[in-house]
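Participant: With the sequence up front, the predicted model follows.
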Amino acid sequence: MIEAKNISLTYKDGTVALRDVNLTIKRGELVYITGPSGSGKTSLLKLFLGMEYVTSGKLEVSGVSMVKGKAGSIRNLRKTIGPVFQEFKLIEGRTALENVMMGMRFLGMSPKRMKEDAMEALVKVGLEHKIYTSVEHLSWGQAQRVAIARAVSRKPALIIADEPTGNLDRENAVNILNLLASFQDQNTTVILTTHATHLIEGNQKATFIRVKSGEVRVERGEQE
Ligand SMILES: Nc1ncnc2c1ncn2[C@@H]1O[C@H](COP(=O)(O)OP(=O)(O)OP(=O)(O)O)[C@@H](O)[C@H]1O
């Protein structure tokens, strides 16, 4: 699903965020990206999403070469990815349901089908009682769940979440991590960054990508 060969990313101001990274992520893997602040975790996710492009090396996501000239293919690829960003990007003044439905606007579905799928996703994340609540009235953890519902309602092949446990207490962080892991199956790959390493270490079913000063080490569990 993701294949990186000797990829590096240097930002315009000369900051080297990633250097000579090699990795392969298969369909259906659960991947935790860990590492100190500023080590390059978000930069790696941005490359996977086509929000930044490699300075050198080759990166393919679902068979699409992630280079600037492929804007059309990358736009189509993004329809198969469910992203969960740190700042949620929820629209205030709109309900949880409306926010989730907005994430499906470009998929060409009928409004009825969109509503059904959005409801189903909100139930899955445990927010059936907040479907018609405006998002600014939700707690941080609930807003995070809306963002996850928005990502999974599109039935993506790849879920990418950047620090989904940030600002959550231990109990909520565990719940969110379990929720995201529950979407992993043979057809859905789940990749997330987290500082909450104490909550995930030892998970034999997961793959760990350890990032340190832009360099990457991959550790695989028992699966194969
Ligand atoms: N747009 C940018 N322009 C220049 N430098 C950047 C840019 N975005 C990130 N960086 C730098 O690249 C390096 C890696 O940043 P990145 O956000 O990937 O780290 P991170 O591991 O996700 O950190 P955190 O855990 O704090 O979110 C850092 O030195 C950061 O300051």
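Facilitator: Received it, and whenever you're ready, just let me know what you need.

Participant: And what about the most centrally placed residue in the chain, helix, strand or coil?
Facilitator: Taking C-alpha atoms, centre = their mean, the centroid of the chain lies closest to residue 160, which sits 1.2 Å from it. Following DSSP: H, G, I helix; E, B strand; the rest coil, residue 160 is assigned to strand.

Participant: Quickly list what it is bridged to.
Facilitator: residue 83, residue 191 (DSSP bridges).

Participant: any idea of the pLDDT on it?
Facilitator: For residue 160, the pLDDT comes out at 96.

Participant: any idea how far it lies from residue 33?
Facilitator: Taken as C-beta to C-beta, to the nearest Å, the spacing of residue 160 relative to residue 33 amounts to 10 Å. Any C-beta I mention is one placed from the backbone N, CA and C, and that applies to glycine too.

Participant: what touches both of these two?
Facilitator: Taking C-beta atoms under 8 Å, 6 or more residues apart in numbering as the criterion, residue 160 and residue 33 both touch 45, 191-192.

Participant: what's the closest of those to the ligand?
Facilitator: Set against the ligand, the nearest of the shared contacts of residue 160 and residue 33 by C-beta to the nearest ligand atom is residue 45 (7.8 Å).

Participant: show me the residues around residue 49 that make contact.
Facilitator: When contacts are counted by C-beta under 8 Å, 6+ apart, residue 49 touches 78, 81, 83, 160.

Participant: do the same with residue 67
Facilitator: Listed by C-beta under 8 Å, 6+ apart, the contact set of residue 67 reads 53-54.

Participant: So it versus residue 112, what's the distance?
Facilitator: Counting by C-beta to C-beta, the gap from residue 67 to residue 112 is 38 Å.
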